[in-house]
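Colleague: predicted model and sequence below, questions to follow.
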Amino acid sequence: MDIGDCTVGMGITGSFCSFGKATETARTLTAKCKKVVPVYSYNAQMLNTRFGKAGEFMGEIKEITGEDGIKTLQQAERVGPEKMFDVMLIYPCTGNTAAKLANGIIDTPVLLAAKAHMRNQRPVIIGISTNDALGINFKNIGKLMNMKNIFFVPFGQDDFITKPNSLVCEKKLIIDTIESVLEGKQVQPVILGK
């Protein structure tokens with residue numbers, strides 16, 4: 001399948017410092033793909049932070065994609081039966097979301113959409129963005145890397161001096177990752193150097 005024929009579900013979780021990059025990613029995906037449907041975690045929908053107001057962020061994503069997005073469990077449940085996406089990208093993916101997905105805890109619209117999507121043997125791509133990836137969440141990332149139909153946007157340490165456990169994916173490799181996943185392959189290398 002060509003990326004231009006692809007419908008992408010874009011799961012957005014509460015890595016608030018990454019929302020600017022998520023907006024850029026939505027813009028890039030919308031330009032390259034047939035359709036982009038945002039899927040919001042509850043925290044991404046409701047929490048105002050020093051990085052901005054949730055409502056304004058969602059308004060900007062809607063303006064870019066033309067889609068209201070999936071905001072409830074009831075809406076997310078339809079992802080599987082309706083085969084809504086060709087690929088689901090969770091970006092930014094917090095450590096909390098990664099941990100829940102790795103352990104089968106499905107309690108947000110993003111997680112239910114991912115589970116419903118995977119039941120059709122379709123790929124989920126993780127764009128990790130968490131301060132505890134090399135700490136308490138390391139085992140969960142390892143579990144996800146060994147699960148069928150789960151792929152990763154290449155990632156590395158963003159600030160190993162002041163945040164030695166932090167990992168973030170390389171946003172500019174999201175399109176390459178999707179193209180590789182559409183061929184059934186994990187783009188390499190997954191772990192990036194300095």
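Modeller: Ah, there it is.
Colleague: element containing the closest residue in space to P109 that isn't next to it in sequence, please.
Modeller: Of all residues not flanking P109 in the chain, A76 sits nearest, at 4.2 Å (CB to CB, 6 or more residues apart in numbering). Quick note: C-beta positions are derived from backbone N, CA and C, even for glycine. With secondary structure defined by DSSP states H and E, A76 is part of helix 73-77.
Colleague: which other helices and strands contact that helix?
Modeller: helix 109-118 (3 or more CB pairs under 8 Å, 6 or more residues apart in numbering; DSSP states H and E).
Colleague: so what does the helix it packs on touch, helix or strand wise?
Modeller: Using 3+ CB pairs under 8 Å, 6+ apart: helix 109-118 touches strand 7-12, strand 35-40, helix 73-77, strand 87-93, helix 95-102, strand 124-130.
Colleague: partner strands of the last one, parallel or antiparallel?
Modeller: Strand 124-130 has the following sheet partners, assigned by DSSP bridges: strand 87-93 (parallel), strand 150-152 (parallel), strand 167-169 (antiparallel).
Colleague: mind putting the ones you listed in TSV, distance to T13, mean neighbour count and mean pLDDT included?
Modeller: Compiled in TSV, those are given as follows (distance: least, CB to CB, whole Å; neighbours: other CB atoms under 10 Å; pLDDT from 0 to 100):
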stretch	distance to T13	mean neighbour count	mean pLDDT
strand 87-93	6	27	97
strand 150-152	15	21	98
strand 167-169	13	24	95
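Colleague: could I get those as a markdown table with distance to T23?
Modeller: Shown next, in a markdown table, are the strands paired with strand 124-130 (distance: least, CB to CB, whole Å):
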| stretch | distance to T23 |
| --- | --- |
| strand 87-93 | 11 |
| strand 150-152 | 21 |
| strand 167-169 | 16 |
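Colleague: figure out which of those strands is closest to K32.
Modeller: Closest approach to K32 among these (CB to CB): strand 87-93, 11.7 Å.
Colleague: now the closest one, how far from the chain's geometric center?
Modeller: Chain-centre distance of strand 87-93: 2 Å, with CA atoms, centre = their mean, to the nearest Å.
Colleague: how much does that strand deviate in direction from helix 95-102?
Modeller: With axes from the mean of the first three to the mean of the last three CA atoms, to 10 degrees defining the directions, strand 87-93 sits at 140 degrees from helix 95-102.
Colleague: which residues does strand 87-93 contact?
Modeller: 6-13, 15, 18-19, 21-22, 25, 29, 39, 79, 97, 101, 110, 113-114, 117, 122-130, 153, 169, 171, 174, 178, 181-182 (CB atoms under 8 Å, 6 or more residues apart in numbering).
Colleague: with stretch 66-81 instead?
Modeller: 9, 30, 35-40, 45, 58, 61-62, 84-85, 88, 108-110, 112-113, 115-117, 119-120.
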